[in-house]
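1. return a 3D structure for these sequence lines:
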Amino acid sequence: MRGPPKAASPSEERGMKQGKFEAPRGSKPGITPQKPTKKQEPAPEKQAAKSNKQKPKPSGKRRRRDWLLILLPLVVLAVAAGAVLMALHQQKLENAHPEGMTREALLEHYGSLARELEQREMVLTLRPKEPDSQEQPVVLQISPAQSRVRVDLTGLESDLEEGVGRVSRRLYVLDPKAYISLDRSALRELAEQTAQEHGQEFMESSVEKSTQSSGEEQVEQLTLNIGCRGRNISAEEIYNSLLDAYYSGNLAPELEFETKAPESLDPMEIWSQYTTPPVNAVMNESSFAISQEIPGYGFTRQELEELLDRAEEGKDYVLRFHTLDPEITAADLEASLYADVLGEAHTPHSWVDDRTVNLMLACAAIDGTVLMPGQVFSFNQVVGERTEAKGYREATAYVGGASVPEIGGGVCQVASSIYYAVLQADLRTVERHAHTYLVTYVPQGMDAAIYWGTLDYKFENNSPYPIKIQAGVSDGDVHIVLWGTEWKDYRVNLSYEILDETPWETKEQYVYDGSYSSGETIVTPYTGYRIATYRTVVDAQGNTVETTKIATSHYEKRDKVIAVIPPQPQPTEPPQPEPTESAPAPEPEPEPPEEEDQG
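-> Next comes the predicted model:
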C-alpha cells in the first residue's frame, strides 16, 4: 500500500487554484514562443566554395516522398500516444478520481460525493490474504460523525470559475484533498484501536514433559500450549486505506492482512508418545482361559481432547499423569462368562455345631470351582478326604444301617445340594448314589450320598461354556449356585413319584445297663421307599416337550426300637446242676456287609 497522501499547504493550494491555463493565442500548449534572431551571413570565401560544390536540386516528387517517409512514423507515434493517454484517462475516471473531467462532470461528481460521504457509513473490511485461511474478516464501520467528513462545493465552484486545474480548453484536473476535509486524528485513533484489538503476535505451539514434587511423591505432567495465530494488521495501512477511500469516494474499501497459524497439536500423536496404554483382559474363545489385565500410565485420549478443545491461544495447560485402568478386567470377563444362573439349591441344615462346621469346610473347598466344557466334577476329588487335620469334626453318619458319629459327618448334604442344582441345569450325571434312608433337605429322590473311598458324586459339564460353582453356608441353609452362560432354549421341571412304600414297625429291646429308661427310643425309624425321579422339558412358549425318568432310588426302612427294662427276679438259691459233659459252642454265622454313607 502507498503511504497517506499529504495534505497540501495553504500556499500550495493557492498555487494550485491559481494554476490557470493562459497560453498565448496562436501558440501550441507546452511550447514557449521565442523572439526571432538575425541570421548571420557566411564569409565570402566559404560562400564561393559552397557554390562550387552545389549538387543538382531534387525533383518535386522526390521531395514529397522524403517528407512522407519522415511524417509517417510521427503520425503513428502520435496515434499510439493518444491511445495511451485516453486509456490512462479512462482508468482515472473508473477509479473515481476527478481527473480530466469537464466542469459540469466535476460539479456533478463532487455533489454526488458530498451526499454519499456525509450521509453513509464508511465500511472497511479487513480480509486474510491467504485464501484458505480460517480467519474471519474484520469489519470497521465509521459514521460521518466520527470522521467529520465534509465536501467544500462552494470552493469548488469558485475555483472552476477562476480556471483552477484547467489542463485543456474544457478539461480540469483537481486534487480532492483540496475540497474533502476529514478528522485525521480520529481516523488514526480508530486505525490504531482496530490493529490493537485484532492484530496478534505469532506464537508456535508446544508440548513439554516435566516432573513435579507432590509431597514425597514425584508426579509427571505434560504442559501444552496451542500457540497463537499471527495476524499482521497494520494501523498505518488501515489509516492510509481510509484516506484513499474517502478521497476516491469508495465507501466499501477492502484491505488484506497476512496470517500465520501455529502447528496444530495432534491428540493421537501426543497420546501415543507419552502414554503407556492399559492392556485389557482377554478370553480365549476355544479354551475360555482369561488373561489378567495390565494397568497403564499417562492420560486418556478423552482427557487430552477435552483439554485441547477448551484451550485458549497462548495459554499453558497442565495434564497430570496417572494410572490408567483397563476397560475390561478378568473379573468383567468372568462376570460376562458366568452371567446366568443355570441351577441352584438352598437346602436347610440342622443347627448342630460340629455338623455345620463340616458343611462349611466342604463348601469352602468347592466354592469357585470352574468346569470347562466336557470336564467332570468329582466331589471326593475336589473336597478330598475329610480328616481331623483339615478341621472336620464328628457328626452323625449312616454306617451299616446305624446312625453313628463319624469325622466329616453331614457333608452328604453338600453333595445332594449340588445334585439338585445339576438336575435343574440339565447337566449329565456320571455317578450318583441314593442314601440308605430318605433325607428331607432335598426333594425325594434327588439326594446324593458320598463316602470316602467307596461312594462318590460326579457330573459332567456337557454345556458349550464353562461353569463355575458357588458354594457356601449361611442363614441356616447350604447354598449352591451354578453360574455359566445359558445355552438352552428350554427349561427343566423336576418331579418324583413314590412307587413303593414300606412302613416301619416298633420293636422292643431289653436294656440291662441302665443306659435307657423304659419306653425311650433307641433307634429312630425310617419308612422304606422306591421313588422315581422325572425330568420335564418345557419350551419357551410354556409347552411341554417331553417327560423322561432320570433315576429310580431305593430307600430302606428302619424299625423303631424302644428300650424295655426287664423286671428284677427275686433272689433264690440256684439248684445244683448235675455234672454232665460239656458240648463245644456253635460257630457264629457271618453277617452280610453293611452299607455306609456320610449323610
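
2. wait, doesn't Leu319 sit right on Leu224?
-> Yes: using CB atoms under 8 Å, Leu319 makes contact with Leu224 at a distance of 6.6 Å. Any C-beta I mention is one placed from the backbone N, CA and C, and that applies to glycine too.

3. any residues in contact with both of the two?
-> Leu307 (CB atoms under 8 Å, 6 or more residues apart in numbering).

4. buried residues in stretch 296-316?
-> Residues of stretch 296-316 classed as buried: Gly296, Gly298, Phe299, Thr300, Glu303, Leu304, Leu307, Leu308, Ala311 (neighbour count, 16 or more other CB atoms under 10 Å).

5. tell me where the stretch 401-550 of the chain has helices.
-> 412-425 (DSSP state H, counting those that start in this stretch).

6. so where's it shaky on pLDDT?
-> Filtered on pLDDT under 70, the stretch 401-550 of the chain yields no residues whatsoever.

7. hmm, 80 instead?
-> Along the stretch 401-550 of the chain, segments meeting pLDDT under 80 span 401.

8. all strands of it, in order?
-> 402-407, 428-431, 458-460, 467-474, 477-484, 490-502, 506-510, 521-523, 528-539, 544-555 (DSSP state E, counting those that start in this stretch).

9. give the next helix or strand downstream of the last one.
-> Towards the C-terminus, the helix or strand next in line after strand 544-555, according to DSSP states H and E, is strand 560-564.

10. for that next one, what is the distance to the chain centroid?
-> What separates the centre of strand 560-564 from the centre of its chain is 79 Å, taken as CA atoms, centre = their mean, to the nearest Å.

11. got it, and stretch 278-293?
-> On CA atoms, centre = their mean, the centre of stretch 278-293 falls 23 Å from the chain's centre.

12. show me the domain layout of this protein.
-> With domains defined by automatic domain parsing, the chain comprises 1-18+84-199+238-256, 206-237+257-330, 338-488, 490-567.

13. any idea which of those domains is most buried?
-> domain 338-488 (a mean of 19; mean count of other CB atoms under 10 Å).

14. low-confidence stretches in this protein?
-> 1-99, 132-134, 214-215, 400-401, 568-599.

15. what about the strands in the stretch 251-400 of the chain?
-> Going by DSSP E, counting those that start in this stretch, the stretch 251-400 of the chain shows strands at 254-260, 296-298, 317-320, 322-324, 340-348, 369-371, 376-378, 394-399.

16. identify the bridge partners of Pro348.
-> Beta-bridge partners recorded for Pro348 (DSSP bridges): Asp477.

17. ok, now which ones touch Val139?
-> Val139 neighbours (CB under 8 Å, 6+ apart): Val123, Leu124, Thr125, Leu126.

18. surely it is within a strand?
-> Yes: checked against DSSP: H, G, I helix; E, B strand; the rest coil, Val139 lies within a strand.

19. from Val414, how far off is it?
-> According to CB to CB, to the nearest Å, Val139 stands 85 Å off from Val414.

20. one more: Gly384?
-> When Gly384 is compared with Val414 (using CB to CB), they lie 13 Å apart.

21. re earlier: so for Val173, which of the strands of the stretch 401-550 of the chain sits nearest?
-> strand 477-484 (101.7 Å; CB to CB).

22. tabulate the CA atom coordinates of stretch 182-195 in CSV.
-> These are the backbone C-alpha positions of stretch 182-195, laid out as CSV (Å, rounded to 0.1, in the frame of the first residue of the first chain):
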residue,chain,number,x,y,z
LEU,A,182,-11.5,14.8,7.5
ASP,A,183,-10.8,14.4,11.2
ARG,A,184,-7.5,12.6,10.6
SER,A,185,-6.6,12.2,14.3
ALA,A,186,-9.9,10.4,14.8
LEU,A,187,-9.3,8.1,11.9
ARG,A,188,-5.7,7.4,13.1
GLU,A,189,-7.1,6.6,16.6
LEU,A,190,-9.7,4.2,15.1
ALA,A,191,-7.0,2.5,12.9
GLU,A,192,-4.7,2.0,16.0
GLN,A,193,-7.5,0.7,18.1
THR,A,194,-8.5,-1.8,15.3
ALA,A,195,-4.9,-3.0,14.9
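
23. from the chain's centre, how far out does it sit?
-> Worked out by CA atoms, centre = their mean, stretch 182-195 lies 49 Å from the chain centre.

24. and for that stretch, what's in contact with it?
-> 126, 138, 140, 142, 146-149, 233-236, 238-239, 242-243, 246.

25. and for stretch 525-533?
-> 423, 437-438, 444-446, 494-504, 506, 549-560.

26. run through the bridge partners of Ile407.
-> In beta-bridge terms (that is, DSSP bridges), Ile407 pairs with Glu394.

27. quickly note the distance from it to Thr396.
-> 12 Å.

28. swap in Gly227?
-> To Thr396, Gly227 is 84 Å away according to CB to CB.

29. same check on Leu499?
-> 28 Å.

30. sorry, back to before: just the ones in helices from the contacts of Val139, please.
-> Among the contacts of Val139, no residue falls in helices (DSSP state H).

31. now the two most distant members of those.
-> Val123 and Leu126 (11.0 Å).

32. between these two, which contacts overlap?
-> Val139, Leu140.

33. mind jotting down where the helices sit in the stretch 151-300 of the chain?
-> 153-162, 184-198, 235-248, 267-274.

34. Gly519: which of those helices is closest?
-> helix 267-274 (86.8 Å).

35. and the closest one, what does it pack onto?
-> With contacts defined as 3 or more CB pairs under 8 Å, 6 or more residues apart in numbering; DSSP states H and E, helix 267-274 has these neighbours: strand 217-225, helix 301-310.

36. hmm, who's touching the longest one?
-> Judged by CB under 8 Å, 6+ apart, the contacts made with helix 301-310 from elsewhere in the structure are Leu224, Ile226, Leu265, Pro267, Met268, Ile270, Trp271, Tyr317, Leu319.

37. any idea which of the residues you listed is closest to Pro176?
-> For these, the nearest to Pro176 is Ile226 (47.0 Å; CB to CB).

38. residues touching the closest one, list them.
-> Ser205, Pro262, Ser264, Leu265, Leu308, Ala311, Glu312, Glu313 are the contacts of Ile226 under CB under 8 Å, 6+ apart.

39. closest to Pro176 among those residues?
-> Glu313 (41.9 Å).

40. need the contact list for that closest one.
-> Neighbours of Glu313 in contact, by CB under 8 Å, 6+ apart: Gln200, Met203, Ile226, Gly227, Cys228, Arg229.

41. can you check Val564 too?
-> Per CB under 8 Å, 6+ apart, neighbours of Val564: Glu508, Gln509, Tyr510, Val511, Ser518, Gly519.

42. now Glu431
-> Glu431 touches Asp456, Tyr457, Lys458, counting by CB under 8 Å, 6+ apart.

43. how about a cut-off of 6 Å?
-> By CB atoms under 6 Å, 6 or more residues apart in numbering, the residues touching Glu431 are Asp456, Lys458.

44. gap between it and Met446?
-> Distance from Glu431 to Met446, by CB to CB: 15 Å.

45. quick check: the two most widely separated of the contacts of helix 301-310?
-> Met268 and Tyr317 (17.6 Å).

46. quick one on the thing from earlier: redo the strands of the stretch 401-550 of the chain as JSON lines? Include distance to Arg355.
-> Shown next, in JSON lines, are these (distance: least, CB to CB, whole Å):
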{"stretch": "strand 402-407", "distance to Arg355": "10"}
{"stretch": "strand 428-431", "distance to Arg355": "24"}
{"stretch": "strand 458-460", "distance to Arg355": "24"}
{"stretch": "strand 467-474", "distance to Arg355": "11"}
{"stretch": "strand 477-484", "distance to Arg355": "11"}
{"stretch": "strand 490-502", "distance to Arg355": "26"}
{"stretch": "strand 506-510", "distance to Arg355": "27"}
{"stretch": "strand 521-523", "distance to Arg355": "20"}
{"stretch": "strand 528-539", "distance to Arg355": "24"}
{"stretch": "strand 544-555", "distance to Arg355": "21"}
